[in-house]
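Enquirer: Structure for the following, please:
(2 chains)
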Protein chains: 2
Amino acid sequence: MFTPRPIGFVQSTYKDTAAIPKGLGAKHEAEGVLEILREFEPGLADIDGFSHLYVLWVFDRADGFDLTTTPPTDNRPHGVFATRFMRRPNPIGLTVVELLRRERGSLYVRGVDMLDGTPILDIKPYLSSIPPEQLRRGWLAEAEKRKDDPKPDQ
Amino acid sequence: MFTPRPIGFVQSTYKDTAAIPKGLGAKHEAEGVLEILREFEPGLADIDGFSHLYVLWVFDRADGFDLTTTPPTDNRPHGVFATRFMRRPNPIGLTVVELLRRERGSLYVRGVDMLDGTPILDIKPYLSSIPPEQLRRGWLAEAEKRKDDPKPDQ
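Expert: Next up is the predicted model:
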């Protein structure tokens, strides 16, 4: 395999997990900065032209993992790979951010859902999307439906 | 940080990098199987309900990294974080696949661009897309345009 190393760190207003919006309809509009280490700065060349980026990062405050979890969006357990839960076999997070501007090694972005100080593993350009009409969202769509509809037996 | 461990391996018809479609307009329609190790199978509960998945995996046949690279889609160099090049500081690949069906620990998927035997690090549900009209694709859009348009001086 390989030895993960940070290419930089997230600057975010979120100091603890409880502060991060979660659950159905949570909006991730928070702005933050991806501070890329000086030695990796040449790797950012031409990144300015992309409106959106994938950020791969480490859940560095997670310890161990669970194979099933009951997420904040539901009251039923689901397999960890069907959720974005932090306690995963490989504690890697994935976030799509909007790139607002770049200043040398600092990427100013919108859509941060990481804690302040989170180590960044990789950045990739976001190139294309799955059309919404082709997406099925499994248990999450069901949980949303249960939340919106009054229960039939109530 | 953490020690990466495979949660499974990709079964793909691609035996070497040269076989994988690359470059402008490359389509990734290849089918393959994500074989999840028995011990992690409970983590797949309810994954069947999602049409598309993120797969995080290891470029296990890459060695070292470059900070800039000239990708097959262009004749100009770009920063590695503005490309999907394999020789990255953390050699992690990211692919969106369509889930066709599941049989126990085997996820039959479409959209494979990994080599046969590639170690899988994580699977996450693909939940939403950036609307195409909001996407800017930087050097890639420019390279496409140069390819489509005859050069003004020719």
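Enquirer: Find the residue at the geometric middle of chain A.
Expert: The residue lying closest to the centre of chain A (CA atoms, centre = their mean) is A:T95, at 3.0 Å.
Enquirer: Any stretches of chain A with poor pLDDT?
Expert: A:23-25, A:150-154 (pLDDT under 70).
Enquirer: Can you list the residue ranges for helices in it?
Expert: Here chain A has its helices, by DSSP state H, at A:138-148.
Enquirer: contacting residues for A:G79?
Expert: A:67-68, B:42-47 (CB atoms under 8 Å, 6 or more residues apart in numbering or on different chains). In short, each C-beta sits where N, CA and C put it, glycine included.
Enquirer: Go again with 6 Å.
Expert: A:G79 makes contacts with A:68, B:43-47, as judged by CB atoms under 6 Å, 6 or more residues apart in numbering or on different chains.
Enquirer: What of A:E133?
Expert: Per CB under 6 Å, 6+ apart, neighbours of A:E133: none.
Enquirer: For the residue nearest to the centre of chain A, which non-adjacent residue is spatially closest?
Expert: A:V55 (4.9 Å; CB to CB, 6 or more residues apart in numbering or on different chains).
Enquirer: Who does that neighbour form a beta bridge with?
Expert: Beta bridges link A:V55 to A:T95, A:I123, judged by DSSP bridges.
Enquirer: could the contacts of A:G79 go into TSV alongside neighbour count and distance to B:A141?
Expert: Output for the contacts of A:G79, formatted as TSV (neighbours: other CB atoms under 10 Å in any protein chain shown; distance: CB to CB, whole Å):
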residue	neighbour count	distance to B:A141
A:T68	18	42
B:G43	27	38
B:L44	25	37
B:A45	18	40
B:D46	20	37
B:I47	23	34
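Enquirer: Same list (those) but as a markdown table, adding distance to A:P119.
Expert: Shown next, in a markdown table, are the contacts of A:G79 (distance: CB to CB, whole Å):
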| residue | distance to A:P119 |
| --- | --- |
| A:T68 | 27 |
| B:G43 | 23 |
| B:L44 | 27 |
| B:A45 | 29 |
| B:D46 | 30 |
| B:I47 | 27 |
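Enquirer: Closest one of these to A:I7?
Expert: B:G43 (27.5 Å; CB to CB).
Enquirer: my read: A:Q11 touches A:E31, true?
Expert: No. Contact status for A:Q11 versus A:E31: not in contact, 9.7 Å apart, counting by CB atoms under 6 Å.
Enquirer: So those two - more neighbours on which side?
Expert: Each of A:Q11 and A:E31 has its neighbours counted (other CB atoms under 10 Å in any protein chain shown); A:Q11 has more, 18 against 15.
Enquirer: Filter the contacts of A:G79 down to the ones in strands?
Expert: Counting by DSSP state E, the contacts of A:G79 place A:T68 in strands.
Enquirer: where does chain A come near chain B, residue by residue?
Expert: Neighbours of chain B within chain A, by CB under 6 Å from any CB of the partner chain: A:1-2, A:4, A:7, A:42-47, A:49-52, A:56, A:67, A:78-82, A:84, A:89-92, A:121-123, A:125, A:127, A:129-130, A:135-139.
Enquirer: And those, which of them are buried?
Expert: Buried by 16 or more other CB atoms under 10 Å in any protein chain shown: A:2, A:4, A:7, A:43-47, A:49-50, A:52, A:56, A:67, A:78-82, A:84, A:89-92, A:121-123, A:125, A:129, A:135, A:137-139, out of the residues of chain A next to chain B.
Enquirer: Not including adjacent chain positions, what is the nearest residue to A:K22?
Expert: A:K22 sits nearest to A:P72 (CB to CB, 6+ apart), 4.5 Å away.
Enquirer: Ok, A:G138 next?
Expert: B:G49 (2.4 Å).
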